[in-house]
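**Q** everything below, folded, please.
(2 chains, ligands or ions: 2)
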Amino acid sequence: MARIELQQLHKTFGSLAAVQELGLEIAEGEFLVLLGPSGCGKTTTLNMIAGLEAPTSGRVLFDGRDVTKVLAYHRNVAMVFQSSLLYPHLSARRNIETSLRHSGLGRADRDRRIADVVRMLEIDPLLDKLPSQLSGGERQRVATAKAIVREPAAFLLDEPLSALDAALRLSLRSEIANLQKRLGTTTVLVTHDQIEAMTMGDRIAVMSNGRLEQIGTPDQIYNDPATLFVAGFLGAPPMNLIAGEVEAGCFRGIGFSLPVTAPTGPATLGVRPQDVRVVASEVQGALVARVFALEHLGRESVLIVEADKSTKLRVLVPPSFGARVGERLFLAADPERCLLFGAEGMRLPLHPAVPG
Amino acid sequence: MASERILPLQSAEEAVATGRRRRALSDTEFALAFGVPVLVFLVLVVAYPLGYAVWMSLHRIMFFGGYRSTFVGLRNFERVLVDAGFWWSSWVTVRLTAEAVVLTMLIGLGLALMLNRTRAARGLTRTLVFLPWCVSTYGAGLMFAYLARGQTGLGTSIAYALGYSQPVDLMTSGLVIEVLAVGAAWTMAPLVAFFLLANLQTIPKRLYDLAALDQLSPLETFWHVTLPPLRYTLFVFASIVTVLTMKLFDFVFVMTGGGPGTASATLTYQIYKISFENLDLGYGAAMSFYLLFLIIASTLLLYLVWGRREVLR
Ligand SMILES: Nc1ncnc2c1ncn2[C@@H]1O[C@H](COP(=O)(O)OP(=O)(O)O)[C@@H](O)[C@H]1O
Ligand SMILES: [Mg+2]
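**A** Ligands and ions are numbered 1, 2, ... in the order given. As a prediction, the model looks like this:
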């Protein structure tokens, strides 16, 4: 187990800056999820933690020790790669054994460790199969066993579930989280799937374009996003983002206004679908919109309305809600639950003077 | 959806069939229509010469004093077995083949690994590497003869460059087979390299990261990551190169003429001499069947000790 620090990490490929000014700290035993869209530098970051890629500048520290120049193996990290990569011509057992080949452990110790992980992951019947004879989920387990058999200081996973079908993802998600807590190994998991991030991580680090946008608990990231990017990236259905203008203590967007105390200038107002209500008649500051579609999700429905030609908003409504496409209705947002972002996408404080 | 797409097709076919009053072919008729011409062709091209060779091998054929052939049964085959020249040529053939196969595989693998790495001037390097495959064995034979001979060869230039004053002839009875093997490998390795290169490019880059995390040595990494996807191709080409080398004739003919003495008289060369210089066609035909057995036996052996494992995976 290790406490991992990244300090001012930069990585450039030619003229492309894949990771920039990345600084974060991962506590001992913590499960950190690196979340971001594809191409934002998550894998590159993980590679630098593992020692598979050397940073262009910056430092990587394990337990306060600078390991930036230390080779991958000597950092004692274990990794599970995308689509659970294994040596294709070796049986599951030989694959797991290869992790301990150069560990310096005696035969008896190795056998005991392998027996332990085999029991823990219930892969006994799979041991003599080749990776090509294993299903996606089985391969994932074997790859996990191969990783943890080394009792690594850190456990790094690069989109381990992305190649699996939805049902399997769901069950393996909780299995990995459960295993991580039982082992207590410092873990970094990379994903572009916000649900995976929200459900598995102790904390989430959201990345975009090689930069860290925000790091925090799932609750902080969801309810208190630091940037417009984070606000838009997390949540399903996604947060409504309304472009507008702050003028004389009032945010003005498509046909409605909200009193705020923020500096004058272009701004974006964000409000989650569950914080918007359909109201009976026009109240002050309410928004007029036309019904565009109604999506039934079972437990609730998502009402999609068109506020103007280019702006669609989503509202969570009870499943009993009925509406005809094209129908006009009025929406009101809970001003306490609205978020305001400035021109650069940074969060602005919002103190509505009068509830709308 | 599938049925929607198939139905109109069927009805269109029926319309054509009834409209033009043409009967559809049954499966058997269809198979015959396509199969028979091919079979006829194969019979003409393969079976006829083969049958003719069998006929010749059972006869004593004479040209001098008027063409005659007399049936001698298996006499020709018996004569081969007690012919010291045949056993010598068999040994030369086996030695040349073993060396050529090993060299071709090693050079092919080396070229493939190199091509897989080079980024710069990729098209140019690939063209250059592929060129030897495009040179005729005849041309290659002339070139290697030139390079190996004492007067003009590489050995002499190197020896002179190092300050020795004796010319070095590589075309000696002790080394001539090795020179032939190098030449044969030079022409065949590029093709092997390109097939291996195609395999190399299917290896996920991440597998090398996995090997790094497992602290595998370069040799272990080669063995566990690089080699496995190549093994089947290596086996297939080992078989192909075995067959091609055992059949190799023009190269030997141009380069060494079986010499010095009979040092490089391969079976093909021996058969050529018996059939077309001594004009003992029946005996030559019988010997060519021993060559055929040798080729079949070697490839079978290769399959049994190596190929079976690769095919099974
Ligand atoms: N070895 C490399 N050479 C050049 N560019 C690379 C290399 N690895 C990654 N990149 C680029 O760096 C960026 C970040 O890549 P990556 O870390 O793989 O993103 P993610 O894992 O978040 O999808 C991408 O634009 C990618 O094209
Ligand atoms: Mg990635």
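**Q** for the rest of this, base every contact and every neighbour count on C-alpha atoms.
**A** Fine.
**Q** quick one, what contacts B:Thr221?
**A** By Cα atoms under 8 Å, 6 or more residues apart in numbering or on different chains, the contact list for B:Thr221 reads B:208, B:211.
**Q** beyond the helix or strand containing it, next helix or strand please.
**A** Taking DSSP states H and E as the definition, B:Thr221 sits inside helix B:218-221. Downstream of helix B:218-221, the first helix or strand assigned by DSSP H and E is helix B:228-247.
**Q** packing partners for that following helix?
**A** Contact partners of helix B:228-247 among helices and strands, from 3 or more Cα pairs under 8 Å, 6 or more residues apart in numbering or on different chains; DSSP states H and E: helix B:84-117, helix B:176-200, helix B:267-272, helix B:281-302, helix B:308-312.
**Q** is it possible to get a markdown table of the ones you listed that adds distance to A:Leu339?
**A** Formatted as a markdown table, the helices and strands packed on helix B:228-247 follow (distance: least, Cα to Cα, whole Å):
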| stretch | distance to A:Leu339 |
| --- | --- |
| helix B:84-117 | 52 |
| helix B:176-200 | 52 |
| helix B:267-272 | 88 |
| helix B:281-302 | 73 |
| helix B:308-312 | 62 |
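**Q** quick one: closest of those to A:Met120.
**A** Closest approach to A:Met120 among the helices and strands packed on helix B:228-247 is made by helix B:308-312 (32.2 Å; Cα to Cα).
**Q** just the CA atoms of that closest one, as CSV, please.
**A** Written as CSV, here are the backbone C-alpha positions of helix B:308-312 (Å, rounded to 0.1, in the frame of the first residue of the first chain):
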residue,chain,number,x,y,z
ARG,B,308,0.9,-30.5,-34.9
ARG,B,309,1.3,-28.4,-31.8
GLU,B,310,1.0,-25.1,-33.7
VAL,B,311,-2.1,-26.2,-35.6
LEU,B,312,-3.8,-27.5,-32.4
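**Q** OK, now which residue of chain B is nearest to chain A?
**A** Nearest residue of chain B to chain A: B:Leu213, at 4.8 Å (Cα to the nearest Cα).
**Q** buried stuff in the helix holding B:Thr221?
**A** B:Thr221 (16 or more other Cα atoms under 10 Å in any protein chain shown).
**Q** that helix - what's its average pLDDT?
**A** Helix B:218-221 shows a mean pLDDT of 94.
**Q** then stretch B:187-194?
**A** Mean pLDDT, stretch B:187-194: 92.
**Q** ok, residues contacting it?
**A** By Cα under 8 Å, 6+ apart, the surrounding residues in contact with stretch B:187-194 are B:104-105, B:107-112, B:129-135, B:137, B:140, B:234, B:237, B:241.
**Q** so in chain A, where's the weakest helix or strand by average pLDDT?
**A** Lowest by mean pLDDT, DSSP states H and E among the helices and strands of chain A is strand A:256-259, with a mean of 78.
**Q** can you pull the buried residues of that one?
**A** A:257-259.
**Q** the stretch 251-356 of chain A: helices as residue ranges?
**A** In the stretch 251-356 of chain A, no helices are defined using DSSP state H, counting those that start in this stretch.
**Q** which single residue of it ends up nearest chain B?
**A** For the stretch 251-356 of chain A, the residue closest to chain B is A:Glu295, as judged by Cα to the nearest Cα, at 26.5 Å.
**Q** just give the closest residue to the residue of chain B closest to chain A, not the sequence neighbours.
**A** Distances taken as Cα to Cα, 6 or more residues apart in numbering or on different chains place A:Tyr73 nearest to B:Leu213, at 4.8 Å, with adjacent residues excluded.
**Q** cool, A:Thr311 as well?
**A** In space, and not counting its chain neighbours, A:Thr311 is closest to A:Ile242: 7.5 Å by Cα to Cα, 6+ apart.
**Q** and that neighbour, bridged to which residues?
**A** A:Leu269 (DSSP bridges).
**Q** thinking again about what came up before, list the contacts for the residue of chain B closest to chain A?
**A** B:Leu213 neighbours (Cα under 8 Å, 6+ apart): A:72-73, A:77-79.
**Q** try 10 Å
**A** A:50-52, A:71-79, A:99, A:147, B:207 (Cα atoms under 10 Å, 6 or more residues apart in numbering or on different chains).
**Q** repeat that for A:Asn240.
**A** Neighbour list for A:Asn240: A:231-232, A:268-273, A:275-276, A:311-315, A:338 [criterion: Cα under 10 Å, 6+ apart].
**Q** and these, which are buried?
**A** The neighbour count (16+ other Cα under 10 Å) marks A:231-232, A:268-273, A:275-276, A:312-315, A:338 as buried among the contacts of A:Asn240.
**Q** tell me which of the residues you listed fall in strands.
**A** Secondary structure from DSSP state E places A:268-271, A:276, A:312-315 of the buried ones among the contacts of A:Asn240 in strands.
**Q** let me have those residues in CSV, adding pLDDT and distance to A:Ala323 as columns.
**A** Compiled in CSV, these are given as follows (pLDDT from 0 to 100; distance: Cα to Cα, whole Å):
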residue, pLDDT, distance to A:Ala323
A:Thr268, 91, 28
A:Leu269, 89, 26
A:Gly270, 91, 24
A:Val271, 91, 22
A:Val276, 89, 16
A:Lys312, 89, 16
A:Leu313, 91, 15
A:Arg314, 93, 14
A:Val315, 93, 12
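**Q** got CSV for those residues, with distance to ligand 1 too?
**A** Below are these laid out as CSV (distance: Cα to the nearest ligand atom, whole Å):
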residue, distance to ligand 1
A:Thr268, 26
A:Leu269, 27
A:Gly270, 25
A:Val271, 27
A:Val276, 33
A:Lys312, 28
A:Leu313, 29
A:Arg314, 28
A:Val315, 31
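**Q** farthest-apart pair in these, please.
**A** A:Thr268 and A:Val315 (17.7 Å).
**Q** B:Arg126 contacts B:Trp133, doesn't it?
**A** No - the criterion here is Cα atoms under 10 Å, and B:Arg126 misses it with B:Trp133 at 11.8 Å.
**Q** quick one, phi/psi of the residue lying closest to A:Ile26 once chain neighbours are set aside?
**A** Sequence neighbours aside, A:Ile4 is the residue nearest to A:Ile26 in space, at 5.0 Å (criterion: Cα to Cα, 6+ apart). A:Ile4 adopts backbone torsions of phi -110, psi 130, taken as degrees, to the nearest 10.
**Q** alright, I will stop here.
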